[in-house]
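Chemist: here's my sequence, what's the structure:
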Amino acid sequence: MQPLTGIKYYDEKIFPKVAEGKMTFNSRAFFLWPYWYAYKGMWKKLIQWMLIAFAILIGSSYLIPINSDDITSRISSLVVTLLIGSFANKDYYYFVLKNGSSSRGSIARGMLGMILFVTLALITVTYLSPLKSIRYFKQGNIKYNLGDNAGAIADFTKAIEMDPKNVNFYNSRGVTKEQLGDYTGAITDYTRSIELDPKNANIYKNRGLSKGMLGDYTGAIADLTKAIELNPRNIASVYNARGNTKGHLRDYTGAITDYTKSIELDPKNASAYKRRGFFKWMSGDNTGAITDFTKSIELDPKDAEVYNFRGLAKANLEDYTGAIVDYTKSIDLNSKFAEVYMNQGVAKFSLGNKQGALEDLSKAGELGFVHAYELIRKIQGR
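Modeler: The predicted structure is shown next:
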């Protein structure tokens, strides 16, 4: 009997034994397996093989350098995949050509093999770029955390080039631009993020903060209001930001309302009490301001600024002794706080302590509060 060769050998000798578990795979059996199962109509095994091959191809894509251009990555991926496909098909085509097999079945199985590998190539090309873009994104986050903002922006930009519809990439680049003071660039990135994800409250918040830094308080309030509309119950920081922005527009009532809402959402936030107290003080409610400053101090007793604010409110109520106590505490916490020395000097002068006032005002001037020297000249002229 003439021995079986070529594809017939695999069809009639190798594959049945492999399928029955009587023979392990060798390279030829492995790569010809899908053709045989497709020929036999066993599609479940074919799908399993395709998944294995897909995993191999995705793994091979990481052999391509990360710093290659996007188009280069795609071409390289396609080449790598086709090379693997060619290697996988080499035994089959060798036997077909050697034995002169040209049956329809042989041609069909060969075409099926090529279709499978081209399909896998296209899938790999499609998914390779996003995989690399995520690597750039993660790399950018590492640089951002290390303080390399310029490097982080470069990586985020590369990730965007590879995956221009990823919201997180634009948002992260916008945040990094903020760190460099490029608020206009940050707003551009946030705007693109919003176009891609118009329901993301955090991005509206970020854009609103950048607009505020550029003095566009009306635009900032609009964005912060939108952020609140999208997430009204768990966004105390946005109420804080909008309240502060309203304060810049001298809408003290609106600012107080926002900080009150913030406190309802986060009653342990010392800063919210401090800022609400500040705007109460600005609107003339010194008693209410003192109450808020006191609560802020209870929550954060190491904040030098809030003692200064409470001292100012007490001074407005002509409680100069109480004001000096707060100013002294503020100085204890921050001995370089020039404004507090000036405020304390004014309070001492109001109590008739001219010498003490001059000493404090002189210290304020030394620390850079030049307006203190004008007060010193006025006091000495009396």
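Chemist: okay, now the domains of this protein?
Modeler: Per the record's domain assignment (automatic domain parsing), the chain is made up of the domains 6-132, 248-327, 336-382.
Chemist: and those, which one's lowest on average pLDDT?
Modeler: Averaging pLDDT over each of these singles out domain 6-132 as the lowest, with a mean of 50.
Chemist: quick one, helices of the stretch 101-250 of the chain?
Modeler: 104-145, 149-162, 167-179, 183-196, 201-213, 217-230, 236-248 (DSSP state H, counting those that start in this stretch).
Chemist: now do the stretch 251-382 of the chain
Modeler: Under the criterion DSSP H, counting those that start in this stretch, the stretch 251-382 of the chain carries helices at the ranges 252-265, 270-282, 286-299, 304-316, 320-333, 338-350, 354-366, 371-380.
Chemist: which other helices and strands does the third one contact?
Modeler: Just to be clear, that refers to helix 286-299. helix 270-282, helix 304-316 (3 or more CB pairs under 8 Å, 6 or more residues apart in numbering; DSSP states H and E). Any C-beta I mention is one placed from the backbone N, CA and C, and that applies to glycine too.
Chemist: so which of the ones you listed is nearest Glu374?
Modeler: helix 304-316 (18.8 Å; CB to CB).
Chemist: neighbours around Ile142, how many?
Modeler: The number of residues packed around Ile142, counting by other CB atoms under 10 Å, is 12.
Chemist: any idea how far Arg276 is from it?
Modeler: Separation of Ile142 from Arg276 (CB to CB, to the nearest Å): 38 Å.
Chemist: and Ile228, by the same measure?
Modeler: 17 Å.
Chemist: which parts of stretch 191-209 are buried?
Modeler: Across stretch 191-209, burial judged by 16 or more other CB atoms under 10 Å covers 192-194, 196-197, 200-209.
Chemist: same thing with stretch 362-369?
Modeler: 363-365, 367, 369.
Chemist: got JSON lines for the helices and strands packed on helix 286-299, with mean neighbour count and distance to Thr218 too?
Modeler: Written out in JSON lines, the entries for these read as follows (neighbours: other CB atoms under 10 Å; distance: least, CB to CB, whole Å):
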{"stretch": "helix 270-282", "mean neighbour count": "23", "distance to Thr218": "18"}
{"stretch": "helix 304-316", "mean neighbour count": "23", "distance to Thr218": "27"}
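Chemist: got JSON lines for those, with distance to Ser330 too?
Modeler: Putting these into JSON lines (distance: least, CB to CB, whole Å) gives the following:
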{"stretch": "helix 270-282", "distance to Ser330": "13"}
{"stretch": "helix 304-316", "distance to Ser330": "4"}
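Chemist: re the thing from before, same list, the helices of the stretch 101-250 of the chain, but as JSON lines with distance to Glu374 please.
Modeler: Below are the helices of the stretch 101-250 of the chain laid out as JSON lines (distance: least, CB to CB, whole Å):
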{"stretch": "helix 104-145", "distance to Glu374": "45"}
{"stretch": "helix 149-162", "distance to Glu374": "41"}
{"stretch": "helix 167-179", "distance to Glu374": "37"}
{"stretch": "helix 183-196", "distance to Glu374": "35"}
{"stretch": "helix 201-213", "distance to Glu374": "31"}
{"stretch": "helix 217-230", "distance to Glu374": "31"}
{"stretch": "helix 236-248", "distance to Glu374": "27"}
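Chemist: so which of those helices is nearest Ala289?
Modeler: With CB to CB, the closest approach to Ala289 among these belongs to helix 236-248: 13.4 Å.
Chemist: that older thread, closest one to Leu146 among the helices of the stretch 251-382 of the chain?
Modeler: With CB to CB as the criterion, Leu146 lies closest to helix 270-282 of the helices of the stretch 251-382 of the chain, at 27.4 Å.
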